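S.K.: Could you look at this predicted model? Sequence included:
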Amino acid sequence: MGQVTIYLDDAAERRLKAAARKCGVSVSRWVADLVKNRTRTDWPPEARELAGAWPDFPDVRELRPVTGKDRPRVRL
(Lines give C-alpha, C1' and ligand atoms only; values in the text may rest on other atoms or scores of the structure.)
Protein backbone atom coordinates (compact mmCIF):
# COMPACT_ATOMS: atom_id res chain seq x y z
CA MET A 1 0.00 0.00 0.00
CA GLY A 2 1.37 3.39 -0.99
CA GLN A 3 1.87 6.39 1.23
CA VAL A 4 1.39 9.99 0.11
CA THR A 5 2.52 13.21 1.73
CA ILE A 6 0.40 16.29 1.12
CA TYR A 7 0.91 19.87 2.22
CA LEU A 8 -2.10 21.92 3.33
CA ASP A 9 -2.47 25.40 4.68
CA ASP A 10 -3.74 25.63 8.25
CA ALA A 11 -7.34 26.36 7.27
CA ALA A 12 -7.52 23.42 4.87
CA GLU A 13 -6.01 21.12 7.49
CA ARG A 14 -8.64 22.20 10.04
CA ARG A 15 -11.44 21.54 7.54
CA LEU A 16 -9.95 18.15 6.67
CA LYS A 17 -9.74 17.12 10.32
CA ALA A 18 -13.27 18.36 11.01
CA ALA A 19 -14.64 16.45 8.00
CA ALA A 20 -12.88 13.23 9.07
CA ARG A 21 -14.09 13.64 12.65
CA LYS A 22 -17.67 14.23 11.45
CA CYS A 23 -17.50 10.99 9.42
CA GLY A 24 -15.98 9.12 12.35
CA VAL A 25 -12.87 8.04 10.45
CA SER A 26 -9.19 8.87 10.52
CA VAL A 27 -7.83 11.65 8.33
CA SER A 28 -5.97 9.01 6.33
CA ARG A 29 -9.15 6.98 5.74
CA TRP A 30 -11.11 10.12 4.82
CA VAL A 31 -8.53 11.16 2.20
CA ALA A 32 -8.22 7.59 0.86
CA ASP A 33 -12.01 7.33 0.47
CA LEU A 34 -12.12 10.69 -1.28
CA VAL A 35 -9.45 9.65 -3.78
CA LYS A 36 -11.09 6.26 -4.32
CA ASN A 37 -14.52 7.78 -4.95
CA ARG A 38 -13.29 10.61 -7.16
CA THR A 39 -11.14 8.38 -9.38
CA ARG A 40 -13.44 5.38 -9.80
CA THR A 41 -14.15 4.25 -13.33
CA ASP A 42 -17.32 2.28 -12.65
CA TRP A 43 -20.76 3.19 -11.37
CA PRO A 44 -21.29 2.71 -7.63
CA PRO A 45 -23.61 -0.18 -6.66
CA GLU A 46 -26.31 2.25 -5.55
CA ALA A 47 -26.48 3.72 -9.06
CA ARG A 48 -26.46 0.30 -10.78
CA GLU A 49 -29.36 -0.84 -8.57
CA LEU A 50 -31.49 1.98 -9.97
CA ALA A 51 -31.49 0.47 -13.46
CA GLY A 52 -35.08 -0.43 -14.29
CA ALA A 53 -36.42 1.18 -11.12
CA TRP A 54 -38.91 3.29 -13.10
CA PRO A 55 -41.08 0.92 -15.16
CA ASP A 56 -42.89 3.81 -16.88
CA PHE A 57 -39.66 5.56 -17.94
CA PRO A 58 -39.73 6.18 -21.71
CA ASP A 59 -37.85 3.86 -24.01
CA VAL A 60 -34.73 5.18 -25.74
CA ARG A 61 -36.69 5.24 -29.03
CA GLU A 62 -39.20 7.59 -27.41
CA LEU A 63 -36.48 9.79 -25.97
CA ARG A 64 -34.59 10.07 -29.25
CA PRO A 65 -37.09 9.96 -32.08
CA VAL A 66 -35.66 9.67 -35.58
CA THR A 67 -35.27 13.22 -36.86
CA GLY A 68 -33.16 12.56 -39.89
CA LYS A 69 -29.73 11.32 -40.83
CA ASP A 70 -26.75 12.01 -38.67
CA ARG A 71 -24.23 14.48 -40.06
CA PRO A 72 -20.93 13.01 -41.23
CA ARG A 73 -18.28 13.07 -38.52
CA VAL A 74 -14.99 14.86 -38.96
CA ARG A 75 -12.00 12.58 -38.58
CA LEU A 76 -9.64 13.62 -35.82
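M.R.: Great, that's in hand. Residues are numbered from 1 along each chain as shown.
S.K.: where do the helices sit along this protein?
M.R.: Ranges of helices within the chain are 10-23, 27-38, 45-48, 60-63, based on DSSP state H.
S.K.: If you count neighbours, what's buried in the last one?
M.R.: The one in question is helix 60-63. The neighbour-count check on helix 60-63 (16 or more other CB atoms under 10 Å) flags nothing as buried. For glycine as for every other residue, the C-beta is placed from the backbone atoms N, C-alpha and C.
S.K.: Report the distance from that helix to the chain centre.
M.R.: Centroid separation for helix 60-63 versus its chain: 26 Å, with CA atoms, centre = their mean, to the nearest Å.
S.K.: for it, what is the average pLDDT?
M.R.: Throughout helix 60-63, pLDDT has a mean value of 79.
S.K.: what's the spacing between residue 51 and residue 43?
M.R.: 9 Å (CB to CB, to the nearest Å).
S.K.: if we can go back for a sec, just put the helices of the chain in JSON lines and tack on distance to residue 4.
M.R.: Shown next, in JSON lines, are the helices of the chain (distance: least, CB to CB, whole Å):
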{"stretch": "helix 10-23", "distance to residue 4": "13"}
{"stretch": "helix 27-38", "distance to residue 4": "8"}
{"stretch": "helix 45-48", "distance to residue 4": "27"}
{"stretch": "helix 60-63", "distance to residue 4": "42"}
